[in-house]
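Chemist: Next comes the sequence, and after it the predicted model I'd like to discuss.
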Amino acid sequence: MPETITLTLQVNGARRTVDTHPMARLLDVLRDGLRLTGTKEGCGEGECGACSVLLNGRVVNSCLVPALQAQDGVVVTVEGLAEGEALSPIQDAFLVHNAAQCGFCTPGMLIAADDLLRRCPNPDKEQVQAGLAGNLCRCTGYSKIVDAVRSVARQGEVR
Amino acid sequence: MRAFLPDYAIQAPGTLDEALRMLAAEPGAWTPIAGGTDLMVLFNAGRLPGRRLLDLSRIYELRGIEDDPSRLSLGSLITYTELLEQRAVHQFFPNLVKSARATGALAIQNRGTLGGNIVNASPAADTPPSLLAYGAEVQLVSARGSRWVAYDAFHQGYKKMDLAPDELVARIRLPKPQGLGFHFYRKVGTRQAQAISKVCLAAYARIQDRVVTELRVGLGSVAPVPLRARRAEAAVVGRALDALPIEEARRAVLEDISPIDDIRASAHYRQVVTGNVLAQMLKELGAARTA
Ligand SMILES: Cc1cc2nc3c(=O)[nH]c(=O)nc-3n(C[C@H](O)[C@H](O)[C@H](O)COP(=O)(O)OP(=O)(O)OC[C@H]3O[C@@H](n4cnc5c(N)ncnc54)[C@H](O)[C@@H]3O)c2cc1C
Ligand code: FES
Ligand code: FES
């Protein structure tokens, strides 16, 4: 069996191919193979959510996905949230609400929050907490993050 | 220490036949991988013993749901998120809904599978108590054929199962409760999200003319395997709702379980809490509305 495979992914809207070991973690394929270093590694065991990306429309811990299982998959990373220079509403809200301190959890938080807002456009506080339960933050104490997510929900209501 | 990649190999057969042929050719050589939420944690820590992985995720025969009038059959690859999207699961098996919601956080629910939860065989897993309460059966397939086993006979000892090295879990089948039923699920953990249980109890009872005619109680984290509380069940079946023998059942359940001390809780704590949760369940059962 060959040591590497050619992995074909759609990443943030663009078709990408990368040669990788089939057991490499999707996290490493993104960071090392495709130089998308927004996605972070915290724990490497599914607990912290720093490595969250969307795979085929669902939030996953990219540290727990072997490359082969992502073959032909559609991936969205934090780099895919902004439209060119224009930040997405949730990114803007994190800035306005000071929802990032060291910023290490932020890419994963943004992916999980963006996913939550698509599934549940106007979440209450409990729904935000449940939606982000897999994303740990050592700095902010969470309340600014929850505020940021809820502010996007309210904007959506006004629009 | 991180796993050394060149030591590992993974193959993704596209059909069940192909997978079963690979397993039959070299039984024990392959480690099946479904959602990877248990295996990849071991792999990342360099502690995964199997070096050759068999990716099940492309095998469509292990997916899909069959919803018959008398039972529901779930492909073993069904994820927690997919379980939560099934109307029939909400309608007939509310304890399974609660198990799925109690499992990890969203990213784990999106990847983790029911088959993986069963075969990982952690005594603390969250779906087994519900599967026990509902009298589930599992279908095991190999190149030699297929067989159904009662889930309450599947776990034989700590991480020992009625599963041969050339077999896969294909489906999980649940009889739909008939008549008037009572459902109860309680996971006791350190916190709500992403905590491993200290005690988990799921129960299903059938009630006829205000008498308990059927009761199954599934327990997690209180023995080397997920198990039925058969002595406690026997103490209650046949009794009237307004005269449930709560203290007798509490004594009986201590004979059913064999908890240990570990980092999450002491054996003594688990004994007391199992009795308390059982008593809570029986109080709610006694107060169940039957009209
Ligand atoms: C952060 C985190 C939180 C978690 N929280 C919980 C929790 O709250 N409750 C809980 O119960 N679990 C929890 N888990 C454990 C895990 O998510 C579940 O056990 C999950 O259901 C495993 O399914 P999987 O498909 O990911 O299994 P995998 O990792 O793919 O496989 C697990 C085992 O099952 C075998 N296997 C899988 N499918 C089959 C099959 N069809 N036939 C034969 N063998 C098979 C594999 O060989 C392996 O031994 C957690 C895990 C993580 C990382
Ligand atoms: S790095 Fe993947 S969950 Fe922590
Ligand atoms: S901002 Fe530092 S971990 Fe969240």
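Modeler: Yep, that arrived. Numbering: from 1, shown residues only, chains lettered A, B, ... in the order given. Ligands and ions are numbered 1, 2, ... in the order given.

Chemist: Only the buried residues of stretch B:109-119, if you could.
Modeler: B:109-119 (16 or more other Cβ atoms under 10 Å in any protein chain shown). Where C-beta positions appear, they are placed from N, C-alpha and C, glycine not excepted.

Chemist: got it, and stretch A:142-157?
Modeler: A:142, A:144-153.

Chemist: Take the buried residues of stretch B:109-119 and write them to JSON lines, including distance to B:Asp17, secondary structure and pLDDT.
Modeler: Shown next, in JSON lines, are the buried residues of stretch B:109-119 (distance: Cβ to Cβ, whole Å; DSSP: H, G, I helix; E, B strand; the rest coil; pLDDT from 0 to 100):
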{"residue": "B:Gln109", "distance to B:Asp17": "30", "secondary structure": "helix", "pLDDT": "98"}
{"residue": "B:Asn110", "distance to B:Asp17": "28", "secondary structure": "helix", "pLDDT": "98"}
{"residue": "B:Arg111", "distance to B:Asp17": "25", "secondary structure": "helix", "pLDDT": "98"}
{"residue": "B:Gly112", "distance to B:Asp17": "26", "secondary structure": "coil", "pLDDT": "98"}
{"residue": "B:Thr113", "distance to B:Asp17": "20", "secondary structure": "strand", "pLDDT": "98"}
{"residue": "B:Leu114", "distance to B:Asp17": "22", "secondary structure": "helix", "pLDDT": "98"}
{"residue": "B:Gly115", "distance to B:Asp17": "18", "secondary structure": "helix", "pLDDT": "98"}
{"residue": "B:Gly116", "distance to B:Asp17": "21", "secondary structure": "helix", "pLDDT": "98"}
{"residue": "B:Asn117", "distance to B:Asp17": "25", "secondary structure": "helix", "pLDDT": "98"}
{"residue": "B:Ile118", "distance to B:Asp17": "22", "secondary structure": "helix", "pLDDT": "98"}
{"residue": "B:Val119", "distance to B:Asp17": "20", "secondary structure": "helix", "pLDDT": "98"}
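
Chemist: In a markdown table, list those residues along with distance to A:Asn12.
Modeler: Converted to a markdown table, the buried residues of stretch B:109-119 look like this (distance: Cβ to Cβ, whole Å):
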| residue | distance to A:Asn12 |
| --- | --- |
| B:Gln109 | 24 |
| B:Asn110 | 19 |
| B:Arg111 | 21 |
| B:Gly112 | 26 |
| B:Thr113 | 27 |
| B:Leu114 | 32 |
| B:Gly115 | 32 |
| B:Gly116 | 29 |
| B:Asn117 | 32 |
| B:Ile118 | 36 |
| B:Val119 | 35 |
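
Chemist: overlap between those and the residues near chain A?
Modeler: Among the buried residues of stretch B:109-119, the ones lying near chain A by Cβ under 8 Å from any Cβ of the partner chain are B:110-111.

Chemist: I'd like the buried residues of stretch B:109-119 laid out as CSV, including distance to ligand 3.
Modeler: Below are these laid out as CSV (distance: Cβ to the nearest ligand atom, whole Å):
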residue, distance to ligand 3
B:Gln109, 22
B:Asn110, 22
B:Arg111, 23
B:Gly112, 25
B:Thr113, 30
B:Leu114, 33
B:Gly115, 34
B:Gly116, 30
B:Asn117, 30
B:Ile118, 35
B:Val119, 35
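
Chemist: wait, which of the buried residues of stretch B:109-119 is closest to ligand 2?
Modeler: B:Arg111 (11.3 Å; Cβ to the nearest ligand atom).

Chemist: which residues sit in contact with the closest one?
Modeler: Residues counted as contacts of B:Arg111 (Cβ atoms under 8 Å, 6 or more residues apart in numbering or on different chains) are A:58, A:60-61, A:64-65, B:35-37, B:79.

Chemist: Ligand 3: which of these is nearest?
Modeler: Distances from ligand 3 to the contacts of B:Arg111, taken by Cβ to the nearest ligand atom, are shortest for A:Asn61, at 16.0 Å.

Chemist: what's around A:Ile111, how many residues?
Modeler: For A:Ile111, the neighbour count with other Cβ atoms under 10 Å in any protein chain shown is 28.

Chemist: should've said B:Asp209
Modeler: Neighbour number of B:Asp209 under other Cβ under 10 Å is 9.

Chemist: can you check B:Gly46 too?
Modeler: B:Gly46 has 11 nearby residues by other Cβ under 10 Å.

Chemist: and the residue most central in space within chain A, how far is that from B:Lys159?
Modeler: Compute the mean C-alpha point of chain A, and by Cα atoms, centre = their mean the closest residue is A:Ile111, 3.2 Å away. Distance, A:Ile111 to B:Lys159, by Cβ to Cβ, to the nearest Å: 34 Å.

Chemist: what does B:Gly116 give?
Modeler: Counting by Cβ to Cβ - B:Gly116 and B:Lys159 are separated by 14 Å.

Chemist: In contact with B:Lys176, which residues?
Modeler: B:69-72, B:92.

Chemist: So the residue of the stretch 1-150 of chain B found nearest ligand 2: helix, strand or coil?
Modeler: Going by Cβ to the nearest ligand atom, ligand 2 is nearest to B:Ala107 of the stretch 1-150 of chain B, at 7.4 Å. Secondary structure state of B:Ala107, per DSSP: H, G, I helix; E, B strand; the rest coil, is helix.
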